[in-house]
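K.L.:
okay, predicted coordinates and the sequence, questions at the end:
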Protein chains: 2
Amino acid sequence: MRWIAGLLGAVVALSGAFAYRAHASGEADGAAAAPLFGIKLPPDYRDWRLVSVAHEEGNNNDIRAILANDVAIKAYRAGKLPFPDGTIIVRVAWSYVPSEENNKAFGRAQSFVAGAPTNVQFEVKDSKKYASTGGWGFAQFKDGKPIDDTLLKACFPCHVPAKADDFIFTHYAPNP
Amino acid sequence: MRWIAGLLGAVVALSGAFAYRAHASGEADGAAAAPLFGIKLPPDYRDWRLVSVAHEEGNNNDIRAILANDVAIKAYRAGKLPFPDGTIIVRVAWSYVPSEENNKAFGRAQSFVAGAPTNVQFEVKDSKKYASTGGWGFAQFKDGKPIDDTLLKACFPCHVPAKADDFIFTHYAPNP
């Protein structure tokens, strides 16, 4: 109970801090925020630049793009760690589906593309606000709505193995 | 021979036309151009916005991102066909490799990421200049160097099955 009260207190404190900096980071003013880290859905994330791509099998079975805002892309391209405050990295995922149209053109079954969108996840760097989770806040949205705190608590522990890379798994994919 | 002479004439004509519009389309002034369609490597293509992602098995065995310039993204998001002149769509590809680092974090072998870059392909819309190939010019670069014409001749015939979509296979992947 003490833990929950502490968490709630932190959430209230974070909400205030968030209202102050929401606009600067490109996050929406009116959108719902994932309470644990107080992160709102940045309305312009789909305009951000590409870091890399990946395919996850297993329970996810998705194909995904990792995009990043200007602060993050600058750091990625410079190869500089840790990422500066203001960094936002987003993972956009879609179900992994075969493309009959592409396969016909190739003359063989070989093509897998983005199907229905699944969800979008954000990592926001604020070394003070999120000091207890390596400087990172986490959020996940589906249809514009944030998922609940229980799931978000699992984000940071899972990122700990990438501590040497400032807790970020995705590397910048170089140009061909 | 007559065919080759005609082609060479066309290339010379295209080169002149290209010099005129190279800057407007964001293509590099000093870079080498793929001769058949006279397309230079746009220096800023990695800053373009994401259309979708895909994985090709078979001979390619790559994972890829499809990005597009402002003209193209506007058309994609509006769902408007045909794409207007000035459209440039780029497919960036990397070898498809398992990620040991990610697999460790997931606790199972499920993660595939972008490995070494393979090549980058462009589709440039110019309904007059490229009238004989559906309005599209094609180019492929690796390490900043264009591939030769022989391979580029195969591009358009392969895109013909997508005629109903203005010869473009990649659909815009919606936001989750």
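P.N.:
Received it, and whenever you're ready, just let me know what you need.
K.L.:
would you check how far apart the residue located most distally from the centre of chain A and chain B are?
P.N.:
No residue in chain A sits farther from the centre than A:Gly107, which is 36.5 Å out by C-alpha atoms, centre = their mean. Here A:Gly107 is placed at a distance of 10 Å from chain B (C-beta to the nearest C-beta, to the nearest Å). Any C-beta I mention is one placed from the backbone N, CA and C, and that applies to glycine too.
K.L.:
helix or strand for the most centrally placed residue in chain A, which one?
P.N.:
Most central in chain A under C-alpha atoms, centre = their mean is A:Phe122, positioned 2.2 Å from the mean C-alpha point. Element membership for A:Phe122 (DSSP states H and E) is strand A:111-125.
K.L.:
the helix or strand that comes right after that strand and chain B, are they touching?
P.N.:
Counting by DSSP H and E, the next helix or strand C-terminal to strand A:111-125 is strand A:136-142. Yes. Legend: contact between strand A:136-142 and chain B by C-beta under 8 Å from any C-beta of the partner chain is shown at A:141-142.
K.L.:
relative to strand A:111-125, how tilted is strand A:136-142?
P.N.:
With axes from the mean of the first three to the mean of the last three C-alpha atoms, to 10 degrees applied, the angle from strand A:136-142 to strand A:111-125 works out at 140 degrees.
K.L.:
near A:Ala32, how many other residues are there?
P.N.:
Applying other C-beta atoms under 10 Å in any protein chain shown, we find 12 residues neighbouring A:Ala32.
K.L.:
next one: A:Lys145
P.N.:
12.
K.L.:
ok, and the closest non-adjacent residue to it?
P.N.:
Among residues not flanking A:Lys145 along the chain, A:Ala32 sits closest, at 6.2 Å (C-beta to C-beta, 6 or more residues apart in numbering or on different chains).
K.L.:
that neighbour against A:Pro146, yeah?
P.N.:
Yes. At 5.7 Å, A:Ala32 counts as touching A:Pro146 under the criterion of C-beta atoms under 8 Å.
K.L.:
find residues that contact each of the two.
P.N.:
The contact sets of A:Ala32 and A:Pro146 overlap at A:Leu41 (C-beta atoms under 8 Å, 6 or more residues apart in numbering or on different chains).
K.L.:
related to what we said a few turns ago, how near is the residue nearest to A:Lys145 to A:Asn103?
P.N.:
40 Å (C-beta to C-beta, to the nearest Å).
K.L.:
how about A:Trp136?
P.N.:
Separation of A:Trp136 from A:Asn103 (C-beta to C-beta) stands at 40 Å.
K.L.:
related to what we said a few turns ago, per-residue pLDDT, the residue nearest to A:Lys145?
P.N.:
What the model reports as pLDDT for A:Ala32 is 71.
K.L.:
for chain A, where's the lowest mean pLDDT among helices and strands?
P.N.:
Within chain A, judged by mean pLDDT, DSSP states H and E, the helix or strand with the poorest mean is helix A:2-21; its value is a mean of 31.
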